[in-house]
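Participant: No sequence on hand, only this structure:
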């Protein structure tokens, strides 16, 4: 006698038992914010979506450890505020600052190593000033002609302030360049990639120059909110995955190809 065939109900019951653990294990996307300012090629907004090399690296790292992310562009101060509240799980990307360490989890070596093992990338800062100015930065911060213009809320502004330099801060590098050209005094402190991008724009052609010696080199991190939902073991696994992606030359070459021509004009953020 043939055994009884299982009923449709029993098949559905056992299938639901098998599927439930998988559904429970599927974590919701991490909520990650980026700055809305144009910080090319690392983070910027393209067609109302988060973009940039840092977003690429973090996305690929999360994929390696079976996480996904929902990236949300926000003004930088609000991005930090939402991380402080736990409304977002992480920030892409933030340099280490003791003040931020109170509400952000950084990798273990972030506070004491110039080039962190778990950085997303290492970023340099340079001095940009008027093309007809005789000034060239040679290593002495005290020599920088005031005001030094830097993006509002960025850690480089605090570094400059700690050296006693008078600052003039604005949201974004292009705003600072416009103020430099208008006032014809001081300098703009920015990253080499942004300086190169701005120097190529017709409205700034021949009006600016960049000192050869960088001011500073800083590690930038995927920093997690202390009020967020990412467990300690998961944070470490993600930071390790970030390092693997960053050191994968083939993958980084593929990412870099996206940023050879610069962002489209319609994606600029004043």
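Facilitator: Yes, it's here. As the structure is a prediction and not an experimental result, all values here were calculated from the model.

Participant: nearest spatial neighbour of residue 190, skipping sequence neighbours?
Facilitator: Once flanking residues are discounted, residue 190 sits nearest to residue 173: 4.6 Å by CB to CB, 6 or more residues apart in numbering. (C-beta placed from N, C-alpha, C; glycine too.)

Participant: Now do the contacts for that neighbour.
Facilitator: 37, 38, 39, 151, 188, 190, 194, 198 (CB atoms under 8 Å, 6 or more residues apart in numbering).

Participant: Please apply the same query to residue 194.
Facilitator: 38, 39, 40, 173.

Participant: where does the third one land on pLDDT?
Facilitator: According to the per-residue confidence, residue 40 scores 94 in pLDDT.

Participant: Quickly note the distance from the residue nearest the centre of the chain to residue 69.
Facilitator: By CA atoms, centre = their mean, the chain has its centre lying nearest to residue 93, at 2.8 Å. Distance check for residue 93 against residue 69: by CB to CB, to the nearest Å, it reads 13 Å.

Participant: Mutual contacts of the two, please.
Facilitator: residue 58.

Participant: what's the closest non-adjacent residue to the residue nearest to the centre of the chain?
Facilitator: Here the nearest residue to residue 93 in space, its sequence neighbours aside, is residue 220; by CB to CB, 6+ apart that works out to 4.0 Å.

Participant: How about residue 170?
Facilitator: Computed as CB to CB, 6+ apart, the closest residue to residue 170 that is not its neighbour in sequence is residue 176, at 5.1 Å.

Participant: Please list all residues in contact with the one you found.
Facilitator: Here residue 176 is in contact with 149, 150, 151, 168, 169, 170, 188, 190 (CB under 8 Å, 6+ apart).

Participant: which pair in those residues spans the largest distance?
Facilitator: Spanning the widest gap among these are 168 and 190, at 13.4 Å by CB to CB.

Participant: For those two, indicate the residue with more neighbours.
Facilitator: residue 190 (29 against 19; other CB atoms under 10 Å).

Participant: My reading is that residue 128 lies in a helix. Confirm?
Facilitator: No: going by DSSP: H, G, I helix; E, B strand; the rest coil, the assignment for residue 128 is strand, not a helix.

Participant: what about the residue lying closest to it once chain neighbours are set aside, distance to residue 124?
Facilitator: Among residues not flanking residue 128 along the chain, residue 188 sits closest, at 4.5 Å (CB to CB, 6+ apart). As defined by CB to CB, residue 188 lies at a distance of 14 Å from residue 124.

Participant: Tell me the buried residues in stretch 225-236?
Facilitator: Of all the residues in stretch 225-236, those buried under the rule 16 or more other CB atoms under 10 Å are 225, 228, 230, 235.

Participant: Residue 168 belongs to a strand?
Facilitator: Yes: judged by three-state DSSP, residue 168 forms part of a strand.

Participant: pLDDT score for it?
Facilitator: The confidence metric pLDDT takes the value 96 at residue 168.

Participant: ok, how many other residues are close to the residue lying closest to it once chain neighbours are set aside?
Facilitator: Closest residue to residue 168 apart from its sequence neighbours, by CB to CB, 6+ apart: residue 147 at 3.8 Å. When neighbours are defined as other CB under 10 Å, residue 147 has 20 of them.

Participant: And residue 188 and residue 124? Which one has more around it.
Facilitator: residue 188 (30 against 13).

Participant: if I look at the more buried one, how far off is residue 199?
Facilitator: Residue 188 is 11 Å from residue 199, by CB to CB.

Participant: Please tell me how far the residue nearest to residue 93 sits from residue 43.
Facilitator: 9 Å.
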